[in-house]
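Asks: Curious how this folds, go ahead:
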Amino acid sequence: MSIKKQKLELTWIGKDKRPRLEPRIFLEDKSLSYQAAPENLTADDLFSDDEQQPKAFHDNLLIHGDNLLALKALEQQYAGQVKCVYIDPPFNTGEAFENYDDGLEHSQWLTLIRDRLELIYNLTARDGALFVHIDDNELGYLMVLLDEIFGRQNRVNIVTFKQGSATGHKSINPGLVTTTNYILVYAKDKSHWKPNRLYTARERDSRYSQFILNYEKGYEFWSLCTLSEAFSKEYQSTPKELKKLLGGKYEELLSEFVINNAHRVVQPARPDYNSVGRNVRDSIDESKANPEKVVYLERDGYEDMYFKGGQRWLFYKNKLKDIDGELVAGEPLTNLWDDILSNNLHKEGGVKFPKGKKPEQLIKRVLDLCTSEGDLVLDSFAGSGTTAAVAHKMKRRWISVELREQAFTHIQLRLKSVITGEDQDGISKAVNWQGGGGFRYLRLAPSLLKKDSWGNWVINKEYNGEMLAEAMCKHMGFTYAPSQTQFWNHGYSTETDYIYVTTGSLAYDQLKRISEEVGSERTLLICCKAFMTDGAEFANLTLKKIPRAILNKCEWDHDDYSFTLNVLPEEPAEQETVEQATTSAEEE
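Replies: Numbering: from 1, shown residues only. Take a look at the predicted model:
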């Protein structure tokens, strides 16, 4: 008896139903696109590295439309190119936010987020990563779902983010007070993901309580006093008197003194004798044998060591890190992020977004961890536009998608103030942001096919020839790149395979002429309303009728896959027969 192969997976109602998405094209709204004034643009702002294309308009995209359709529309051009994805999807808490409907039935939520995560996976670069911000309502289920899509072996970490404090109305009810939510971190391929080393600021380490008095004389003559004594001498006072004099500012000024004199502030510590190398043990022994002597151990490629009386002197200078342009005591970043405040965010970006706005410092940390300048960042739940704003200030390329009106009431205005340099809140001062760059404001084109009054699928009358050619390129797997000299060349799939799209009917003479121009070394896919070959065959031409050629490729005229409606796919209705298909577009 054979045993059916099974796998560990999360199941729910409707899991096996997936929408057959139409790969739409984008239409630019030039009245909402924005670019910095010419005097504020540098050559780096204007042109990309490999092509003389205006970077301001070709690398940064603000997309207004359904994010599932937008992700599908991005797939052909951007598959495998996104270095970092940060999304903050609706938490499925049942709360009704002004800008989000955040309550969905459990199975529906899983289906909607699954469909988007699968497309995000395709867009993510092999060395890229996904960060999903979520609360504990769906945390466990989302983790299992991400294990299925990205692979459990590619789960990097679960970050606990301290969102607030146990104060106000939250502290009134009995039981545990929720002050945290979470960020799930997944690599596309963990073996290729190379995160950057980050540090977080910490309070002064009081264990470093000794001070080298005569540092300038050389280590042989060094002697120690307490840190408080050295600090007091700066004010020609005693430690006790100085604490009274400075009052509440004592600790702040002492910390500043320590940082300014970090090369002289030390902590004597006894090393683990059995865990160190022979040269270190010899230095320890020598310092014990000569307790009044400072023993110096020079180490090639490593930090030099100093010993006295069997103890090693640890220097405070080795704890200092440059964090956001400020030299502070730092420790390696952990998976507990409790140092970024989520209150007082009303000024950031100059837009109101109650309960939904994330701190710019949070997004900066994510991007610092896994990206460099010029990398591509994606946020398909743009909200108030924090990810795009931070990515722009950090000189990353970005794509943001937002369905709702805040795409232009919030995000577009926010990004304009970033580009002009007016936005000096958030991380602006930390990265010395002065303005520059730009973005294109895109909308999703309507469905390519619509039903006519007879119920037949026809080419949408809103499509002109250029839009139709671009859409057909996307449907047929070609890159849209219309030639300026060859009327029949609308795009390519390889160096020798091209596509031509027309709503006209092509006669034998026209096909013969096109075939001769294409030549024997190239092939051409022709998508047209009708054609007449008169029984002849053209070896370098492939002929397809539209819309027949694409009728069964996807579901048409479906514009809303959003998180706000009951959009679990129904059983697909039987598609109209190909013979019924026609076109109402005028012939060329």
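Asks: switch to C-alpha atoms for all contacts and neighbour counts from now on
Replies: Will do.
Asks: pull the longest helix from this protein.
Replies: When the chain is parsed with DSSP state H, its longest helix is helix 106-123.
Asks: I'd like the next helix or strand past that helix.
Replies: Per DSSP states H and E, the first helix or strand lying C-terminal to helix 106-123 is strand 124-134.
Asks: now the very next helix or strand once past that next one: mean pLDDT?
Replies: Remark: after strand 124-134, the chain's next helix or strand is helix 139-150, criterion DSSP H and E. For helix 139-150, the mean per-residue pLDDT is 95.
Asks: Flag every buried residue along helix 139-150.
Replies: By 16 or more other C-alpha atoms under 10 Å, the buried positions in helix 139-150 come out as 139, 142-143, 145-150.
Asks: Kindly reformat those residues as a markdown table containing distance to residue 21.
Replies: Shown next, in a markdown table, are these (distance: C-alpha to C-alpha, whole Å):
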| residue | distance to residue 21 |
| --- | --- |
| 139 | 27 |
| 142 | 23 |
| 143 | 25 |
| 145 | 21 |
| 146 | 21 |
| 147 | 24 |
| 148 | 21 |
| 149 | 19 |
| 150 | 21 |
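Asks: and the helix or strand harbouring residue 527, which strands flank it?
Replies: When elements are assigned from DSSP H and E, residue 527 belongs to strand 523-528. Strand pairing for strand 523-528, using DSSP bridges, gives strand 497-501 (parallel), strand 541-545 (parallel).
Asks: before we move on, back to that, can you point out the buried residues in the longest helix of the chain?
Replies: Buried residues in helix 106-123, counted by 16+ other C-alpha under 10 Å: 108-117, 119-123.
Asks: center of this structure - which residue?
Replies: Nearest to the geometric centre of the chain sits residue 85, at 3.1 Å (C-alpha atoms, centre = their mean).
Asks: check contacts around it.
Replies: 120, 124, 129-131, 377-379 (C-alpha atoms under 8 Å, 6 or more residues apart in numbering).
Asks: measure it to residue 370 for me?
Replies: Separation of residue 85 from residue 370 (C-alpha to C-alpha, to the nearest Å) stands at 10 Å.
Asks: want to throw the contacts of residue 85 into a markdown table with distance to residue 532 and pLDDT?
Replies: Listed next are the contacts of residue 85 as a markdown table, based on distance: C-alpha to C-alpha, whole Å; pLDDT from 0 to 100:
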| residue | distance to residue 532 | pLDDT |
| --- | --- | --- |
| 120 | 43 | 98 |
| 124 | 45 | 98 |
| 129 | 51 | 98 |
| 130 | 51 | 98 |
| 131 | 54 | 98 |
| 377 | 48 | 97 |
| 378 | 47 | 98 |
| 379 | 48 | 97 |
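Asks: In TSV, list those residues along with distance to residue 525.
Replies: Formatted as TSV, those follow (distance: C-alpha to C-alpha, whole Å):
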residue	distance to residue 525
120	30
124	30
129	37
130	38
131	41
377	35
378	33
379	35
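Asks: Give me the common contacts of residue 85 and residue 370.
Replies: Here residue 85 and residue 370 share the contacting residues residue 129, scored by C-alpha under 8 Å, 6+ apart.
Asks: Quick check: buried residues in stretch 459-479?
Replies: Judged by neighbour count (16+ other C-alpha under 10 Å), stretch 459-479 contains these buried residues: 459-460, 463, 467-475, 478-479.
Asks: To what extent is residue 71 buried, counted in neighbours?
Replies: Using other C-alpha atoms under 10 Å, residue 71 has 25 other residues around it.
Asks: which of the strands paired with strand 523-528 is buried the deepest?
Replies: Of all the strands paired with strand 523-528, strand 497-501 carries the top mean neighbour count, a mean of 23, counting by mean count of other C-alpha atoms under 10 Å.
Asks: what element comes up after it heading to the C-terminus?
Replies: Downstream of strand 497-501, the first helix or strand assigned by DSSP H and E is strand 505-506.
Asks: Does anything pack onto that next one? Which helices or strands?
Replies: strand 530-531 (3 or more C-alpha pairs under 8 Å, 6 or more residues apart in numbering; DSSP states H and E).
Asks: helices or strands up against the strand it packs on?
Replies: strand 505-506.
Asks: Sheet partners, orientation included, of the strand it packs on?
Replies: By DSSP bridges, strand 505-506 pairs with strand 530-531 (parallel).
Asks: distance between the strand it pairs with and the chain's centre?
Replies: Centroid separation for strand 530-531 versus its chain: 46 Å, with C-alpha atoms, centre = their mean, to the nearest Å.
Asks: i'd like the first residue to be 435 from this point on
Replies: All set: I'll call the first residue 435, so the last point we hit is now strand 964-965.
Asks: which residues touch it?
Replies: Contacts of strand 964-965 (C-alpha under 8 Å, 6+ apart): 938-942, 977, 979.
Asks: can you do 6 Å?
Replies: For strand 964-965, the surrounding residues in contact (C-alpha atoms under 6 Å, 6 or more residues apart in numbering) are 939-941, 979.
Asks: Quick one: mean pLDDT over that strand.
Replies: Taken as a whole, strand 964-965 carries a mean pLDDT of 92.
Asks: any idea how this protein splits into domains?
Replies: 460-632+770-866, 644-757, 883-1014 (automatic domain parsing).
Asks: Mind checking those for the one nearest to residue 873?
Replies: Proximity to residue 873 (C-alpha to C-alpha) singles out domain 460-632+770-866 among the domains of the chain, at 4.7 Å.
Asks: My guess is residue 622 contacts residue 557. True?
Replies: No - checked against C-alpha atoms under 6 Å, the pair residue 622 and residue 557 is beyond contact range at 9.8 Å.
Asks: sorry, back to before: nearest to residue 645 among the strands paired with strand 957-962 would be which one?
Replies: Counting by C-alpha to C-alpha, residue 645 lies closest to strand 931-935 out of these; the figure is 74.4 Å.
Asks: if we can go back for a sec, is it fair to say the residue nearest to the centre of the chain lies in a helix?
Replies: No - Residue 519 sits outside any helix when classified using DSSP: H, G, I helix; E, B strand; the rest coil, being strand.
Asks: List the beta-bridge partners for it.
Replies: Assessed by DSSP bridges, residue 519 has beta-bridge partners residue 564, residue 812.
Asks: follow-up on the earlier one: taking the contacts of strand 964-965, please make a PyMOL selection of just the buried ones.
Replies: Filtering the contacts of strand 964-965 down to the buried ones (16+ other C-alpha under 10 Å) takes a single PyMOL command:
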select buried, resi 940+979
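Asks: Among the contacts of strand 964-965, find me the one that's closest to residue 442.
Replies: residue 979 (44.9 Å).
Asks: still on that earlier bit, just send the contacts of strand 964-965 back as CSV, with distance to residue 499 and pLDDT too.
Replies: Formatted as CSV, these follow (distance: C-alpha to C-alpha, whole Å; pLDDT from 0 to 100):
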residue, distance to residue 499, pLDDT
939, 34, 94
940, 36, 94
941, 40, 93
979, 30, 95
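Asks: remind me which residues of the protein are low pLDDT?
Replies: 435-439, 472-492, 526-538, 604, 777-781, 783-790, 997-1022 (pLDDT under 70).
Asks: quick one: the closest residue to residue 911 other than its chain neighbours from residue 959, how far?
Replies: Nearest-residue entry for residue 911: residue 927, 6.8 Å, with adjacent residues in sequence omitted and distances by C-alpha to C-alpha, 6 or more residues apart in numbering. Going from residue 927 to residue 959 by C-alpha to C-alpha gives 10 Å.
Asks: So for those two, which residue has more residues nearby?
Replies: Using other C-alpha under 10 Å as the criterion, residue 927 and residue 959 rank with residue 959 on top: 21 against 14.
Asks: one step back: and the gap between the residue nearest to residue 911 and residue 583?
Replies: Using C-alpha to C-alpha, residue 927 is found at 28 Å from residue 583.
Asks: that older thread, CA atoms only: put the strand holding residue 961 into PDB for me.
Replies: The C-alpha trace of strand 957-962 is given here as PDB (Å, rounded to 0.1, in the frame of the first residue of the first chain):
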ATOM      1  CA  THR A 957      11.300  36.300 -36.800                       C
ATOM      2  CA  LEU A 958       8.200  38.400 -36.300                       C
ATOM      3  CA  LEU A 959       5.000  37.800 -34.400                       C
ATOM      4  CA  ILE A 960       2.100  39.700 -36.000                       C
ATOM      5  CA  CYS A 961      -1.000  40.400 -33.900                       C
ATOM      6  CA  CYS A 962      -3.800  41.800 -36.000                       C
END
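Asks: Cool, thanks, talk later.
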